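Undergrad: My questions concern the predicted model and sequence given below.
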Amino acid sequence: MSDKITKSPQIRFAGFTDAWEQWKLGDMLKEFSIKTKTENEYPVLSSTNSGMEIRNGRVSGTSNLGYKIIEDGDLVLSPQNLWLGNINVNDIGKGLVSPSYKTFKFVDLDSQFIEPQLRLPRMMEEYKNASTQGASVVRRNLELESFYQIPIRVPSWKEQKKIGSFSKQLDDTITLHQRELELLKDTKKSLLQKMFPKDGSNVPEVRFAGFTDAWEQRRLGELYIERKERGDDSLQILSVSIHHGVSNEELDSNTLGKKVRRSEDKSLYKHVYYGDLVLNMMRAWQGSIGVVKSEGMVSPAYITATPSSELYPLFMDYCLRRVETISQIDNLSYGVTDFRKRLYWDSFINVICEIPSIPEQKMITDFFTHLDNLITLHQREINSLKNLKKSLLQQMFI
């Protein structure tokens, strides 16, 4: 049964003015269970809190006989984890899912129209209310009849198709940017292997034209002098992370609140300058090392060092964060357990790197900086598209 409502969404495509009707999910879903009778008849799929996935590796048990066959556009949900968002419209082709999942066909409801609504805050609250506490805190059991009573507001079929098509186009655009982003990251990873010499070699596999001299093997103790200059309260506080190296600006207030209070005495903090090297003694073996790009101060728990004139300082941001160099740092770090390992200065100075001439260092740095800027640009575009989608979802549905 449906009830006419006077509400309409804030944003609507031109030409649509009719009121949306309120239905119950049970009116628009038909549960089905078609089970496979052949081993490995189709790929095994999994419904997760973030989407459908092809399940690689072994399934629970040794056979997928009796698994449910689903197609594109079918609704799949986990009765125990629905309240956490484990509900999806299958969009990766015909496949098999565990018989523990509930599977449905839509009745007079466009799957692309409903898919963007499945994890809206309102729906998540409805799922929670339709579930009862299970055997553990993270498991709740779905009461199917309560699930069927969840209200959903629906426009005409034509408007459903229009909204669904628009949402799908946004998702496809986001996916395209994500693929381009992954390609750029993979390209960077590959070139970091090829544009630095491999073990036993003194020249890289890929090189810019005009450079032919052999790279020199140097210890970091020959290239850096430890800096122990004290900071002062006028300087911005920088940090060094595993994934991003040294921050190029003051920590945001949320991070500052967790790590350091601005009002505390900063007399022990270390003053660092452009080009200095900073490493977190306790996390260097995981990649927490980088080059300073703007003057500031860092925690006294960090090692700081100033580069010699033989270095184009930013080159070391790429040289030292390569897998091969981090592996050396890991081997030179020591402690009772992995999470207590530290890289001390007397070990740091024994890390070995292959170093080219300063002009070649600069060219390599400029190349990877450009690549990093492209990666950042793509990530920002993805974030903007996701924010746009989130904003539109709040305004295009009731």
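TA: Everything's here; your move. Numbering: from 1, shown residues only.
Undergrad: The stretch 251-398 of the chain: strands as residue ranges?
TA: 270-272, 277-280, 289-291, 296-298, 302-307, 352-355 (DSSP state E, counting those that start in this stretch).
Undergrad: could the ones you listed be laid out in CSV, adding distance to Q133, mean neighbour count and mean pLDDT?
TA: Any C-beta I mention is one placed from the backbone N, CA and C, and that applies to glycine too. Putting the strands of the stretch 251-398 of the chain into CSV (distance: least, CB to CB, whole Å; neighbours: other CB atoms under 10 Å; pLDDT from 0 to 100) gives the following:
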stretch, distance to Q133, mean neighbour count, mean pLDDT
strand 270-272, 51, 22, 95
strand 277-280, 42, 26, 95
strand 289-291, 46, 27, 95
strand 296-298, 47, 25, 93
strand 302-307, 46, 21, 96
strand 352-355, 56, 19, 95
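Undergrad: Of all the ones you listed, which one is nearest D74?
TA: With CB to CB as the criterion, D74 lies closest to strand 289-291 of those, at 47.4 Å.
Undergrad: residues near the residue lying closest to L371 once chain neighbours are set aside, how many?
TA: Here the nearest residue to L371 in space, its sequence neighbours aside, is K188; by CB to CB, 6 or more residues apart in numbering that works out to 5.2 Å. Neighbourhood size, K188 [other CB atoms under 10 Å]: 17.
Undergrad: what's the nearest residue to T187 if we skip its chain neighbours?
TA: L371 (7.2 Å).
Undergrad: Any stretches of the stretch 151-300 of the chain with poor pLDDT?
TA: Applying pLDDT under 70 to the stretch 151-300 of the chain picks out residues 249-265.
Undergrad: can you give me the helices in it?
TA: Here the stretch 151-300 of the chain has its helices, by DSSP state H, counting those that start in this stretch, at 157-194, 220-223, 253-259.
Undergrad: and the longest one, how far from the chain's centre?
TA: By that I understand helix 157-194. 14 Å (CA atoms, centre = their mean, to the nearest Å).
Undergrad: Stretch 74-88 now?
TA: The answer for stretch 74-88 is 22 Å, by CA atoms, centre = their mean.
Undergrad: now do the same end-to-end measure for that stretch.
TA: 8 Å (CA to CA, to the nearest Å).
Undergrad: surely Q133 meets R140?
TA: Yes. With contact defined as CB atoms under 8 Å, Q133 reaches R140; the gap is 5.9 Å.
Undergrad: ok, those two, which is more surrounded?
TA: R140 (21 against 9).
Undergrad: What are the phi and psi values at the more buried one?
TA: phi -130, psi 140 (degrees, to the nearest 10).
Undergrad: circling back: mind giving me JSON lines with the strands of the stretch 251-398 of the chain and columns for distance to Q117?
TA: JSON lines is the format used below for the strands of the stretch 251-398 of the chain (distance: least, CB to CB, whole Å):
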{"stretch": "strand 270-272", "distance to Q117": "49"}
{"stretch": "strand 277-280", "distance to Q117": "43"}
{"stretch": "strand 289-291", "distance to Q117": "42"}
{"stretch": "strand 296-298", "distance to Q117": "46"}
{"stretch": "strand 302-307", "distance to Q117": "47"}
{"stretch": "strand 352-355", "distance to Q117": "53"}
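Undergrad: out of those, which comes closest to E229?
TA: Comparing the strands of the stretch 251-398 of the chain under CB to CB, the one sitting nearest is strand 270-272, at 4.3 Å.
Undergrad: For the closest residue to P197 other than its chain neighbours, give the beta-bridge partners.
TA: Leaving out its chain neighbours, the residue that sits closest to P197 by CB to CB, 6+ apart is E354, at 4.6 Å. Following DSSP bridges, E354 is listed with bridge partners Q217.
Undergrad: you'd agree the residue nearest to L371 is up against F368?
TA: Yes. Using CB under 8 Å, K188 is in contact with F368, at 6.9 Å.
Undergrad: What's the local residue count around K341?
TA: By other CB under 10 Å, neighbour count at K341 equals 19.
Undergrad: so what's the backbone phi/psi at it?
TA: According to degrees, to the nearest 10, K341 has phi -70, psi 140.
Undergrad: Now do the same contact list for it.
TA: Applying CB atoms under 8 Å, 6 or more residues apart in numbering, we find K341 in contact with M282, W285, D330, S333, Y334, G335.
Undergrad: Mark which of those are buried, thanks.
TA: Neighbour counting over these (16 or more other CB atoms under 10 Å) leaves M282, W285, S333 as the buried ones.
Undergrad: Mind putting the residues you listed into a markdown table with distance to K389?
TA: Below are those laid out as a markdown table (distance: CB to CB, whole Å):
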| residue | distance to K389 |
| --- | --- |
| M282 | 39 |
| W285 | 39 |
| S333 | 43 |
